[in-house]
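> Sequence first, predicted model second:
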Amino acid sequence: MSLKSNYRDGDSFTRRSKKEGYRSRASYKLKELLQTDIQLLKGDSVLDLGSFPGGWSQVASEIVGKSGKVAAIDIQSMEHIEGCFFLKKSIEEVSEIDFEEIKDFLPFDLVLSDMAPNISGIRDRDDALMMELVDKTLQVVDELLKTKGSTLIKVFQGESLDYTRDALSVRFNKVKISKPKASRSNSKEIYIIGKELKKYE
């Protein structure tokens, strides 16, 4: 999707993102979730999976500041964001060695995923594809998120929601479901938050 196409929908969040210099309306979803559900602090480190075009990386970079670090991963090239370390790579190929350049910021305090498959309209197929993305995200969480850290994952209402909630309940002390105001009312997307990653013995 081109940057221009993000602004075709004339709703208030899309107009606002253009006016305020954010790359997508999704920035306001993350802003709301960080205000209400997840504590992100200056100096923290964040991993943004499926980051293109960079709306979430922009918001995270503003919060963590120069003392923190945002790492972003996508198979599409992303325009530079100050303070953001970008990898053009598929997330299933990512490992700790890819972050050697920013190893002082590992493991991450927060792992984000706003990824979604291309929608076919066939519910079972779309749910299955979403769960594949969730599994890939969980592999990254298991390897690169610090104990007591948090994750935020987009899913679809239905089977992928139940699947992800169960998977996060095993890993985290607290799990919450949220639909931010910036999500379109007709969208089936919903966000699951896992807080306080458990320490595995």
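Done, it's in. Fair warning: this is a prediction, and the values are worked out from it, not measured in the lab.
> so where's the longest helix in the chain?
Counting residues, the longest helix in the chain under DSSP state H turns out to be helix 123-144.
> so Gly65 touches Val46, yeah?
No - assessed by CB atoms under 8 Å, Gly65 is found out of contact with Val46, at 11.5 Å. The C-beta positions use only the backbone N, C-alpha and C, and glycine is treated the same way.
> All the helices of the chain, in order from the start?
According to DSSP H, the helices that the chain contains are 12-20, 26-36, 55-64, 123-144, 159-171.
> Show residues contacting stretch 155-175.
116, 123-124, 126-127, 130-131, 134, 138, 141-142, 150-151, 153, 177, 188-198 (CB atoms under 8 Å, 6 or more residues apart in numbering).
> 7 Å instead, please
By CB atoms under 7 Å, 6 or more residues apart in numbering, the residues outside stretch 155-175 that reach it are 123, 126-127, 130-131, 134, 138, 153, 177, 188-190, 192-198.
> swap in stretch 189-198?
33, 37-38, 116, 145-157, 161, 164-165, 168, 171-180, 183.
> Likewise for stretch 92-108?
45-47, 69, 71, 73, 85, 87, 136, 140, 143-146, 149.
> which pair in the residues you listed spans the largest distance?
Lys69 and Lys136 (21.9 Å; CB to CB).
> Please say which of the two ends up with more neighbours.
The residue with more neighbours, out of Lys69 and Lys136, is Lys69; 24 against 19, by other CB atoms under 10 Å.
> who touches the more buried one in this structure?
Lys69 sits next to 45, 83, 85, 102, 105 when contact means CB under 7 Å, 6+ apart.
> Quick check: phi and psi at the nearest residue to Tyr28 once chain neighbours are set aside.
Leaving aside its chain neighbours, Tyr28 sits nearest to Ala182 (3.8 Å; criterion: CB to CB, 6 or more residues apart in numbering). With angles defined as degrees, to the nearest 10, Ala182 sits at phi -80, psi -10.
> do the same with Phe52
phi -60, psi 140.
> Ile75 is in contact with that one, correct?
No - between Phe52 and Ile75 there is no contact under CB atoms under 7 Å: 8.1 Å.
> These two: which is more packed in?
Looking at Phe52 and Ile75 with other CB under 10 Å, you find the greater number of neighbours at Phe52, namely 23 against 12.
> how far away is the closest residue to His80 other than its chain neighbours from Asp114?
Nearest non-adjacent residue to His80, counting by CB to CB, 6+ apart: Phe86, 7.3 Å away. Phe86 is 15 Å from Asp114, where distance means CB to CB, to the nearest Å.
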